[in-house]
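J.: Please work out how this folds:
(one chain, ligands or ions: 1)
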Amino acid sequence: MLTLYHAATTRSFRIRWLLDELAVPYEMKVLDFYNDDRDQPAFRAVSPMGSLPVITDGDFALIESGAIIDYILDHYGEGRLGFPPGSQEAALVDQWMWWSESLFAVYQRIYWDHCAPFPAGLEHPVPQIGIDAKAVALRYADMLEGHLGEDGFVMGAGLSAADFMLCFPLYLAWLEQWFLGHPKINAYVERLLARPAFANAIVDTNEIVAQFEALKQQ
Ligand SMILES: N[C@@H](CCC(=O)N[C@@H](CS)C(=O)NCC(=O)O)C(=O)O
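T.: Have a look, this model is predicted:
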């Protein structure tokens, strides 16, 4: 049986959405990202750096959401959501998975560090650094805007692993209305939200985000 360690506002909602979309049974252990749950020895035993998400499958523990998505599709996907290994389509899925995590999300993280209220951001932020980082992320977003169609998902009509990676940074940016100048990305995120499994995976995240928004107003 798979176990997913999940905390609201983290990349674990990628995995929650994937498992629910595929209707794969799993146990979910819920952590509070903003207290000491991640420091507990039982959690460090499966996630040595205390990062999320992590899954276990029997004695096997795996971190890194991209690796987790690939593992779940390989072992539980029954051929769904995939392209033939070695195909150009499979390479493009990888491209967008890496784009999500190593380009867009890096600059979004810098933005959060310097523009989100503590503890979501740093205790001693430099807001201009965050503003500059957001501008870089939005320049990267131009590439995705040029790639997306008027309907469907990143790889066309069907979902792929790339959508499960992109949902995390794009949804959180969409909540802050980053994509008013990127109408195709905006509509894409809205198509994700129309999927019941995705909408369900972000309910607890929405609650925490609303709390941070209230903090910002103070
Ligand atoms: N590339 C990793 C990033 C993991 C990551 O940064 N997770 C965040 C939550 S979204 C975390 O646990 N941060 C805590 C920390 O780095 O100590 C992935 O995709 O899983």
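
J.: what sits up against the longest helix seen in the chain?
T.: Longest helix in the chain by number of residues (criterion: DSSP state H): helix 127-147. Helix 127-147 is contacted from outside by 96, 99, 103-104, 107-108, 110-115, 121, 154, 166, 173, 178-179, 181-185, using CB atoms under 8 Å, 6 or more residues apart in numbering. Yep, even glycine has a C-beta here, placed from its N, CA and C like the rest.

J.: What residues sit buried inside it?
T.: Buried positions in helix 127-147, judged by neighbour count with 16 or more other CB atoms under 10 Å: Gly130, Ala133, Lys134, Val136, Ala137, Leu138, Tyr140, Ala141, Leu144, Glu145.

J.: would you turn those into TSV with distance to the ligand and pLDDT?
T.: Output for these, formatted as TSV (distance: CB to the nearest ligand atom, whole Å; pLDDT from 0 to 100):
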residue	distance to the ligand	pLDDT
Gly130	17	98
Ala133	16	98
Lys134	18	98
Val136	18	98
Ala137	16	98
Leu138	20	98
Tyr140	17	98
Ala141	19	98
Leu144	18	98
Glu145	23	98
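
J.: hang on, Arg44 packs against Gly50?
T.: Yes: Arg44 is within contact range of Gly50, at 6.2 Å (criterion: CB atoms under 8 Å).

J.: Can you flag the buried ones in the contacts of helix 127-147?
T.: Among the contacts of helix 127-147, the ones that count as buried by 16+ other CB under 10 Å are 96, 99, 103-104, 107-108, 110-115, 121, 154, 166, 173, 178-179, 182, 184-185.

J.: what about Thr56, is that helix, strand or coil?
T.: Classification of Thr56 by DSSP: H, G, I helix; E, B strand; the rest coil places it in strand.

J.: so how far is the ligand from it?
T.: For Thr56, the distance to the ligand equals 15 Å [CB to the nearest ligand atom, to the nearest Å].

J.: the strands in this structure, which residues?
T.: In the chain, the segments counted as strands under DSSP state E are 2-6, 26-30, 54-57, 60-63.

J.: export the ones you listed to a markdown table and tack on mean pLDDT?
T.: Below are these laid out as a markdown table (pLDDT from 0 to 100):
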| stretch | mean pLDDT |
| --- | --- |
| strand 2-6 | 98 |
| strand 26-30 | 98 |
| strand 54-57 | 98 |
| strand 60-63 | 98 |
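
J.: I'd like those strands laid out as JSON lines, including distance to Ser87 and mean neighbour count.
T.: Listed next are the strands of the chain as JSON lines, based on distance: least, CB to CB, whole Å; neighbours: other CB atoms under 10 Å:
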{"stretch": "strand 2-6", "distance to Ser87": "27", "mean neighbour count": "21"}
{"stretch": "strand 26-30", "distance to Ser87": "29", "mean neighbour count": "14"}
{"stretch": "strand 54-57", "distance to Ser87": "26", "mean neighbour count": "21"}
{"stretch": "strand 60-63", "distance to Ser87": "24", "mean neighbour count": "15"}
